[in-house]
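# no sequence on hand, only this structure:
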């Protein structure tokens, strides 16, 4: 059950748009930096396939310039 | 050692979030998330954020701990703290996760027939008190000792000092700050007559250059390093890394200059030579505010038991000092320091430029040095000769390793020679202590006894028969543990260890006392910039865990000293701090009232007329200046600082045919000191699961070593097997190996040398001779 964290870099002037877009995805938690053009994104999915699809979904967002994986954990869903 | 993998999915998500925030902090120095983090919390959640200082290093970052249903569930940087402005390093973000470790010491353990037996705390404290009393009756008060810490809180250090020096009447109290900050203290005292930096972190915002002396700040003081990077990016300030090893700091610096171990003394003198011979001396400053002195030389290295040294300062004049420096021309020094003439002249020209503001920053590279006091003096010489001191951005800045090495070890004075104000050798200081402690002045001995290394030698010799170690793990952190571990295992000494987790030191204890962790008690720490910070107890500790200060008080009461320790269990931190503040009343060191510290993220002493004093000795900022001049170095009777003539002398042990490598030891960003806390934090342990030995690729090639291959590192004192690390995180110079000391399973301190600076008695962990072979 993958949990991953990413650094999401928005296009210039698109930070709010990117926050809104990623926040609307159920499996995502977003924490924007206060003083930099950067978002931390944590994803929580059921399996590898869902994880892959989610990453693709995020990467397709127009306001996103770059998505960089930071860490990945695999942990049982019920614990 | 136990390593837990948390079974809470939400916790894993937090770890993932923290990892990303940490990664972001390395890419964007000064990046802040704290406010958003709070906003993003679920509405209706019951999270209560409590402020305090971080548990780990001497930077003293402000933290906010999120409490939910009595548990610490999150940590974030305190945006209101001027120290870190909301930023934390990887250790800071994860700190509270160690509390949940399954092998937490929750109850007292008493060794019976070779096995530890769970014992009610009250019974264990009875045993400690009776053993201590019995030892004093049989062998005298100097047969008992306490060894404490720069991680002890101010109240913990204060009651330990009062207990040993005021109640029992022995100076057998020392602390692990002896291993990290003692040379800084003697440096300050010999040059200025007053301990601790004259500047503050605000200096980072004004300096044009940051020159780091043997100091890997990117890993050891990452939040301050990020402040430097921010200034580098925003204002074009420059970082010069002067070191014996290429590190993450070197890589982020504008320039990296490498030197041969121990020759920093010579390079420092060569800089002074250049300053004088190029006419860069600030003559009016030097004439008005400086004296010149020299001391004894060829002092030895303290490697023999009962070594004694007392310096004999002698005044000299400027011309004599100038003549002494003739031995340190850049050309002469370049030959043995391996620093080019060009680079020596470059460094000198930065200091000599009257239009540039400079911070010099150092920590263990300068302090853990057999001539550590001299090295501190030499850096001050450079700043005094150029008059670049005690002004915003012009700041020789001795950084601290531990969270309260300044607040507790140095200000409260948990060294053998110290009192909360002054030293035991001074009659007036003893009288002040006796008055505040309400003990006869004769009770406080006038002679210091054992500094740390000598204390553990005395245990080994059988002279100390009772030792109580608090908040400290000496059997990982002492130099030459190959001697001191068997010493502590001897039956001749009854060993009490108070700690939060099992360590190699608790392994040799006769009694283990279960200590409260940081946020399970109230307390105060004092950081590198003279900032005192308070925190309230945030969560309950498990089992019978108890604050160290209260355990000391309980033992003191059981030994019949109850009248001196009439504090209440509920408010003892406040009562002790208010008593302690009396020692520092006055414009030179006044401590902020507790209500101020509760209301804000710390205050810098001297706290005078409701204000912190950011720059000492400068009449514009420091109300204690009283000579009517611009500067007043009031720590010295004549108000003048001292420029010291200090020569280059070789290390205590240098590589030779049999042991051809220098051994340098130190820390890594993921782990705090001996790893007893950070190795129990899964995300940190996974990031850096074990120690290693770094090689220069040329040396590795000659030895036929591959990355990860096991290597035996041996000295004349012991050996240690570790995997090789070639051109990974750090890169030592050819002929040098580097080993982090956090790993209790790879005890590199079995090989290190217990040589120390004869003035400060601080050991040198950075230089001894070893050989290496495939294991």
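That came through fine. The structure displayed is predicted, hence computed values, not measured ones.

# the helix ranked longest in chain A near chain B at all?
Taking DSSP state H as the criterion, chain A has its longest helix at helix A:48-59. No - contact between helix A:48-59 and chain B is absent, the nearest approach being 12.5 Å (criterion: CB under 8 Å from any CB of the partner chain). No exception for glycine: its C-beta is placed from N, CA and C like everyone else's.

# partners of the very next helix or strand once past that helix, with directions?
Remark: after helix A:48-59, the chain's next helix or strand is strand A:64-74, criterion DSSP states H and E. Strand pairing for strand A:64-74, determined by DSSP bridges: strand A:2-10 (antiparallel).

# got the angle between the partner strand and helix A:48-59?
Orientation check (axes from the mean of the first three to the mean of the last three CA atoms, to 10 degrees): strand A:2-10 against helix A:48-59 gives 10 degrees.

# please name the nearest non-neighbouring residue to residue B:118.
Distances taken as CB to CB, 6 or more residues apart in numbering or on different chains put residue B:107 closest to residue B:118, at 5.0 Å, once the chain neighbours are dropped.

# over to residue B:204?
Using CB to CB, 6+ apart and skipping the chain neighbours, the partner closest in space to residue B:204 is residue B:227 (4.6 Å).

# what about chain A, any weak spots by pLDDT?
A:73-79 (pLDDT under 70).

# closest residue of the stretch 551-700 of chain B to chain A?
As assessed by CB to the nearest CB, chain A sits closest to residue B:683 within the stretch 551-700 of chain B, at 8.2 Å.

# any idea which element that residue lies in?
Following DSSP H and E, one finds residue B:683 within helix B:682-687.

# now the element after that helix, going C-ward?
Elements were assigned by DSSP H and E; along the chain past helix B:682-687, the next helix or strand is strand B:693-695.

# give the other helices and strands that that next one contacts.
Using 3 or more CB pairs under 8 Å, 6 or more residues apart in numbering or on different chains; DSSP states H and E as the contact criterion, the neighbours of strand B:693-695 among helices and strands are strand B:719-726, strand B:731-732, strand B:736-740.

# pull up the pairing partners for the longest one, direction included.
When pairing is defined by DSSP bridges, strand B:719-726 lines up against strand B:693-695 (parallel), strand B:710-714 (antiparallel).

# and the longest one, which residues are buried?
To tie it back to what came earlier, the one meant is strand B:710-714. By 16 or more other CB atoms under 10 Å in any protein chain shown, the buried positions in strand B:710-714 come out as B:711, B:713-714.

# wait, which of the residues you listed is closest to chain A?
Closest to chain A out of those is residue B:711 (30.1 Å), distances taken as CB to the nearest CB.

# verify the stated contact: the closest one with residue B:720.
No - here residue B:711 does not reach residue B:720: they are 9.3 Å apart, not a contact under CB atoms under 8 Å.

# for whichever strand or helix holds residue B:52, what is the average pLDDT?
Residue B:52 is part of strand B:48-53, with elements assigned from DSSP H and E. Confidence over strand B:48-53 (mean pLDDT, whole number) is 95.

# tell me the helix or strand right after it.
Per DSSP H and E, the first helix or strand lying C-terminal to strand B:48-53 is strand B:62-68.

# can you list contacts of that following strand?
By CB atoms under 8 Å, 6 or more residues apart in numbering or on different chains, the surrounding residues in contact with strand B:62-68 are B:34, B:41, B:45-54, B:72-78, B:80-81, B:83-84, B:88, B:92, B:95-96, B:519, B:533, B:538-539, B:601-602.

# check what pLDDT the closest residue in space to residue B:768 that isn't next to it in sequence gets.
Closest residue to residue B:768 in three dimensions, ignoring its sequence neighbours and counting by CB to CB, 6+ apart: residue B:753, at 4.0 Å. Reading off the confidence values, residue B:753 has pLDDT 98.

# verify the stated contact: residue B:753 with residue B:718.
No - Residue B:753 sits out of contact with residue B:718 when judged by CB under 8 Å, with a separation of 10.5 Å.

# hey, what's in contact with both of these two?
Shared contacts of residue B:753 and residue B:718, defined by CB under 8 Å, 6+ apart, comprise residue B:480.

# more crowded one of those two?
In this view residue B:753 and residue B:718 are compared by other CB atoms under 10 Å in any protein chain shown, and residue B:753 has more residues nearby, 24 against 19.

# the more buried one belongs to a strand, doesn't it?
No - inclusion of residue B:753 in a strand is not indicated when DSSP: H, G, I helix; E, B strand; the rest coil is applied; the result is coil.

# contacts only, for it.
B:303, B:479-480, B:652-653, B:715, B:717, B:763-764, B:767-768.

# can you rerun that using 7 Å?
Contacts here follow CB atoms under 7 Å, 6 or more residues apart in numbering or on different chains; on that basis residue B:753 touches B:479-480, B:652-653, B:717, B:768.

# quick one: which of the residues you listed sit in strands?
Using DSSP state E, residue B:768 are the members of these that sit in strands.
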